[in-house]
Each structure stands twice: as C-alpha cells, then as structure tokens.
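A.B. asks: Sequence below, structure please.
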Amino acid sequence: MPDPDGEFTRLWDTHYDDVLRYAARRVDHETARDIAAETFVVVWRRRGDIPPDRPFPWLLNVARNVLANEMRSHRRRARLWDRLRGDSARAPAADVASGLAEGSRVAAGLSRLSARDREVLQLIGWDGLDARDAATAVGCSVKTFSVRLHRARRRLSAALAEIDAADRPAPAAPPLQRSRQV
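C.D. replies: The predicted structure follows:
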C-alpha cells in the first residue's frame, strides 16, 4: 500500500537531525528535542505549504518561529514565578554563544553581537545555508539578508579586533636613561 504521506516521512528522515542541531545550538538539549518535535508537528499541519524544491530553509523558518514562541513562553513563565515569589531581580539571559565554544575567541566575539547578528552568521557558518536559503529561513529578501550578513560580519570583525587588543600585553615602558655626568 503506498504511503500517502511519504514526502513527510522523507522530510523527517532527511532533516530531523538538522533541525535538532539548529535548536540545540540555541537552547539546552531537552528543549531542543521539544522544539524539533514541535517543528515537525507544525510541518505536518502545513505540509501543503512545503516548497518542494527547497524544503530545508522553510523548515528552519518554522523551527525559528517555534523557538521564538518557546522563548516567549519561557520569559512569561519566569516573570510569573518572579511575581509569585515576590522576586524583583531577574537572572541575566543565557548567552547562546557560550554554550557553543566556551572560552573561545569566536564565542567571545559572537557574545558581543546582537541576537539578530548571531542568527545571520550562524545560518551561514554553522547551518551551511547560502544567502537565498538563509533569507527564506529568517523571512526576508535575499538583498536584505545580504546587507544583514555584511553588517554582521563587519561587527564580528570589530568585536574580534577588540578582543585581540585586550589580550595583547601592554607595550613595555622604555628603559630609563641615566644622565651622563661629565
């Protein structure tokens, strides 16, 4: 008997691990598994909308939206718990880049960038998308994405230069010269 949803099954088999890795770079592993599963629930409901020629960028766009919804829910729950406990101070937001390469120069540079700049660079560098696919994933035109990518690269270069400058030892003071006595 033919599988009427064979395309969905192939999509799952081909891209589930990629979607899981995408989510795992942004949240803890357990939440990433939930994000990946929820992404495919949405894909199942919208399987008629899947572009047949390039489904992966579309999948990442869905995963990105599911992740954004999860992060909003998490922030709302945290605010509710804070109000219920009477806490007014909130913990700092988790740094996405620190989990990727703790202590490395690139992680430090990425941590200085906005979430939007990090996302653009990660789609190209870590998810291996080209500008067209990455633009689809973030929901903008290719030209807009290319401008964002150019600016994000420039900002990352500046951040890395600052890190390098801070790591360089201070120049040694010139030796004191004694005055000659005649």
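A.B. asks: Remind me what the longest helix seen in the chain packs against, helices and strands.
C.D. replies: Counting residues, the longest helix found in the chain (DSSP state H) is helix 55-85. Applying 3 or more Cβ pairs under 8 Å, 6 or more residues apart in numbering; DSSP states H and E, one finds that helix 55-85 makes contact with helix 6-24, helix 29-45, helix 131-138. For every residue, glycine as well, the C-beta is placed using N, CA and C.
A.B. asks: Please identify the deepest-packed of the ones you listed.
C.D. replies: Ranked by mean neighbour count, the helices and strands packed on helix 55-85 are led by helix 131-138 with a mean of 20 (mean count of other Cβ atoms under 10 Å).
A.B. asks: need the next SSE after that one, C-terminal direction.
C.D. replies: Sequence-wise, the next helix or strand downstream of helix 131-138 (DSSP states H and E) is helix 142-167.
A.B. asks: Work out which residue lies at the spatial centre of this structure.
C.D. replies: Residue closest to the average C-alpha location in the chain (Cα atoms, centre = their mean): Glu119, at 4.1 Å.
A.B. asks: hang on, isn't that one packed against Val138?
C.D. replies: Yes. Using Cβ atoms under 8 Å, Glu119 is in contact with Val138, at 6.8 Å.
A.B. asks: No more questions from me, cheers.
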